[in-house]
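Q: make a model of this:
(one chain, ligands or ions: 1)
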Amino acid sequence: MKVGNRHYRTIWVNEDGVSVDIIDQRWLPHDFRVVTLKTVDDVAVAIRDMWVRGAPLIGVTAAYGVAIAMRADPSDAHLDKVWDELNETRPTAINLRWALNAMRDYLRPIAAEKRAEAAYLRAAAIADEDVDLNRSIGRYGLDVIRKIAATKKPGEPVNILTHCNAGWLATVDYGTATAPIYLATEEGIPVHVYVDETRPRNQGAQLTAWEMNGHGVPHTLVVDNAGGHLMQHGDVDMVIVGTDRTTARGDVCNKIGTYLKALAARDNGVPFYVALPSPTIDWTVHDGVKEIPIEERNSDEVSYVQGRLADGSITTVRISPDGSPAANPAFDVTPARLITGLITERGIATPSEEGLKALFPERS
Ligand code: MRU
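A: Residues are numbered from 1 along each chain as shown. Just a heads-up that it's a prediction; the model follows:
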């Protein structure tokens, strides 16, 4: 998507054909910084410390990590070692394991001397595929927005609430939850987005709001606890969020707080949609609450907030008393029964095993 007058993806290979550039998301919206990843360790740090984040982008970054590793040492042993090293960087988003498996399965039969070149091509294909999947999700999601828009008075916006950042920054381009929003905006359908701030790391306030600003999408930033109130007053027409892992029966694991939005949506009759590319489906798990590992991040993310001072410098400040412990589960699970539809690249699935398998019959 555009930053200023330039089109950016979130990750790309440099002219040297080896190192990879990423947008370092830790500094947005205050600073737009691009950093170069040259080694597998660089890639592991960038994923673990959330220089890049968002399930699809984590997967693509890991795929390029494997490619970088194959330039250094294309042996089977190294391939397995790198798979392990990158797989443990973040535990919840299944796209990470999906991309690592895709790379390993593809590279295994290829002779060692040809592996590096093949690995970059495969990683690039995974990146391009992500863009295609998101565009397709966008088209199906656009149909939902169009239908709601048809019930509105002329000029009245469709009010959409979203949580965290499932935007282009979380993917290679377009985003999942934001793809329908961008397409609706391009088509001239008036939309207005309520952006949850998404404590503790504020991906909504820092990243989604930055995206909406950059693409001229009318939006309002709200605290995480405002959603229920807005829904009670008829201010939200639909909720759309992303997912880090969707189970075979349609339970959705996404950023902490998503579940509470789904409960409020159900209580107020507001449709609750999840946008997901198929690599986000973990066909091996069913009960999301019991089976999905939830990342527990450093409690300092709760006890401190990051912001920009008047002099332009970026700093963190403590917001709780010294000595007050904090807990930081990063994701929660929204059971399928609370979800209106799963917007995939093949269409909108009813949130159930039958619904998903109807769109992905090869999984039956
Ligand atoms: O911890 P993050 O910032 O990686 O979490 C991101 C989310 O929860 C997104 O909603 C999810 O990855 C879907 S991104 C298309």
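Q: and the end-to-end length of stretch 22-34?
A: Start-to-end span of stretch 22-34 (CA to CA, to the nearest Å) is 6 Å.
Q: would you mark the buried spots in it?
A: Residues 22-30 are the ones in stretch 22-34 that count as buried (16 or more other CB atoms under 10 Å). Just so you know, the C-beta spots here come from the backbone N, C-alpha and C atoms, and that holds for glycine as well.
Q: residues from the stretch 51-200 of the chain in reach of the ligand?
A: 53-56, 93, 164, 166, 170-171, 176 (CB under 6 Å from any ligand atom).
Q: can you give me the pLDDT of the residue of the stretch 101-250 of the chain found nearest the ligand?
A: Nearest residue of the stretch 101-250 of the chain to the ligand: residue 242, at 2.7 Å (CB to the nearest ligand atom). Note for residue 242: predicted pLDDT of 98.
Q: my guess is it contacts residue 168. True?
A: No - with contact defined as CB atoms under 8 Å, residue 242 does not reach residue 168; the gap is 11.5 Å.
Q: between these two, which contacts overlap?
A: Residues touching both residue 242 and residue 168 (CB atoms under 8 Å, 6 or more residues apart in numbering) are residue 175.
Q: mind checking pLDDT for the residue nearest to residue 33 when sequence neighbours are not counted?
A: Among residues not flanking residue 33 along the chain, residue 24 sits closest, at 4.5 Å (CB to CB, 6 or more residues apart in numbering). Looking at residue 24, its pLDDT stands at 98.
Q: isn't residue 214 right up against residue 7?
A: No - Residue 214 is beyond contact range of residue 7, at 11.7 Å (criterion: CB under 8 Å).
Q: out of those two, which sits in the busier spot?
A: residue 214 (15 against 9; other CB atoms under 10 Å).
Q: quick revisit: quickly list what's touching both of residue 214 and residue 7.
A: What both residue 214 and residue 7 touch, as defined by CB under 8 Å, 6+ apart, is the set residue 1.
Q: the residue of the stretch 101-250 of the chain closest to the ligand: what's it in contact with?
A: 54-55, 164, 166, 170, 175-177, 254, 274-276.
Q: and the pLDDT at residue 281?
A: For residue 281, pLDDT reads 98.
Q: how about residue 96?
A: Reported pLDDT for residue 96: 98.
Q: surely it is in a strand?
A: No - counting by DSSP: H, G, I helix; E, B strand; the rest coil, residue 96 is not part of a strand but helix.
Q: what residues are up against it?
A: Contacts of residue 96 by CB under 8 Å, 6+ apart are 47, 55, 58-59, 62, 86-87, 89-90.
Q: that one and residue 48, how far apart?
A: 11 Å (CB to CB, to the nearest Å).
Q: quick one: which of the contacts of residue 242 sit in strands?
A: 254, 274-275 (DSSP state E).
Q: quick check: residue 159 touching residue 236?
A: Yes - contact criterion CB under 8 Å: residue 159 and residue 236 qualify, at 5.3 Å.
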